[in-house]
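A.B. asks: only geometry, no sequence info:
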């Protein structure tokens, strides 16, 4: 085994690590929202409120008093709103992801029994509940796992993947996705996706509000509204970038870990390596346009498409597939 495979730290350790990260993200989120609300309140008071003395000096005491008062007014509504939005997104993530990917439940009949038998046998061998199985009717080669618990865990496969890979290769891909479920990778990714989505939504609301207010820019009220929405856009953008950093902080080693576990489950690392090589030739799914959903796939369908002079590799959610293949071939 290579150095990377030697750093394989075990299922329980990985599960505990991902559970801790999920809890940490859940705790950091309200803190981040509160901090950004305070920043918004302070900027709003600074630029729009009557906080200046006649000689032009800033009335510090009055500034902080007004900022805190505005924060205490806004915080309950904003925290309550985003919390409700988070809960809805958290528990409807399966439907949201299905809508974004075009995935449909795979019917257990005809040739599809081949897939069901593979998923069922691997799940039973690992002592885990069998996840749901979805299919994306697309000729591309890709797959992903999603869900937050046994009731929602799902393995989704593209039709091109099912038709192109042989049994051993397909079994390796399914084992990789089951490893993500066992490691709790999917739950952590779902939480990060929801967080990024919330701040993206806030930034979009602020931008649209600013554009609508721009129609009244000739009046003082219109200028004031534009200032408010500019500040809101700035704060939402900061929150979005911080949420992105949280997402990128989720180690790319999760893919190496899932590859190692899949090789262990099937005892055929070369089959998974062959599957990854084929997937790398045709990973792009036509209907996938959102990076937050694309990061769930075994091979990111957008990172190569969106790369520019290699800069995107700095923010890649997946390690290079060539390195993953090389490691598997050395098992």
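C.D. replies: Right, received. Where do you want to start? Please read all numbers here as calculations on a predicted model, not as lab measurements.
A.B. asks: Spell out which residues make up each domain of the protein.
C.D. replies: 3-94+187-249, 97-182+252-329 (automatic domain parsing).
A.B. asks: Please tabulate those domains in CSV, including the columns mean neighbour count.
C.D. replies: To be clear about C-beta, it is placed using only N, CA and C from the backbone, and glycine gets the same treatment. Compiled in CSV, the domains of the chain are given as follows (neighbours: other CB atoms under 10 Å):
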stretch, mean neighbour count
domain 3-94+187-249, 16
domain 97-182+252-329, 19
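A.B. asks: weakest of those in terms of mean pLDDT?
C.D. replies: Lowest mean pLDDT within these: domain 3-94+187-249, at a mean of 70.
A.B. asks: can you pull out the helices in the stretch 51-200 of the chain?
C.D. replies: 60-91, 93-101, 113-125, 159-164, 167-182, 185-213 (DSSP state H, counting those that start in this stretch).
A.B. asks: same question but for the stretch 201-331 of the chain, I mixed them up
C.D. replies: Counting by DSSP H, counting those that start in this stretch, residue ranges of the helices within the stretch 201-331 of the chain are 220-249, 253-266, 269-281, 291-294, 321-329.
A.B. asks: looking at those helices, which is closest to residue 153?
C.D. replies: Nearest to residue 153 among those is helix 253-266 (14.3 Å), distances taken as CB to CB.
A.B. asks: neighbouring contacts of the closest one?
C.D. replies: Applying CB atoms under 8 Å, 6 or more residues apart in numbering, the external contacts of helix 253-266 come out as 4-5, 7-8, 11, 14, 122, 125-126, 168, 171-173, 175-180, 182-183, 185, 269, 272, 276, 298, 318-319, 324, 327-328, 331.
A.B. asks: any idea how far residue 195 is from residue 38?
C.D. replies: 19 Å (CB to CB, to the nearest Å).
A.B. asks: Am I right that residue 317 is in contact with residue 300?
C.D. replies: Yes - if you go by CB atoms under 8 Å, residue 317 and residue 300 touch, sitting 6.0 Å apart.
A.B. asks: Not counting residues beside it along the chain, what's closest to residue 331?
C.D. replies: Nearest non-adjacent residue to residue 331, counting by CB to CB, 6 or more residues apart in numbering: residue 269, 3.9 Å away.
A.B. asks: scratch that, residue 160
C.D. replies: Of all residues not flanking residue 160 in the chain, residue 139 sits nearest, at 4.2 Å (CB to CB, 6+ apart).
A.B. asks: Ok, residue 322 next?
C.D. replies: Nearest one to residue 322, counting by CB to CB, 6+ apart, is residue 280 at 7.8 Å.
A.B. asks: Tell me the spacing between that neighbour and residue 140.
C.D. replies: Taken as CB to CB, the span from residue 280 to residue 140 is 11 Å.
A.B. asks: and what of residue 17?
C.D. replies: Distance from residue 17 to residue 140, by CB to CB: 32 Å.
A.B. asks: With residue 149 instead?
C.D. replies: Counting by CB to CB - residue 149 and residue 140 are separated by 28 Å.
A.B. asks: tell me the contacts of the spatially most central residue of the chain?
C.D. replies: Among the residues of the chain, the one closest to the centroid is residue 193, at 3.1 Å (CA atoms, centre = their mean). Shown in contact with residue 193 (CB under 8 Å, 6+ apart): 93, 247, 292-293, 295.
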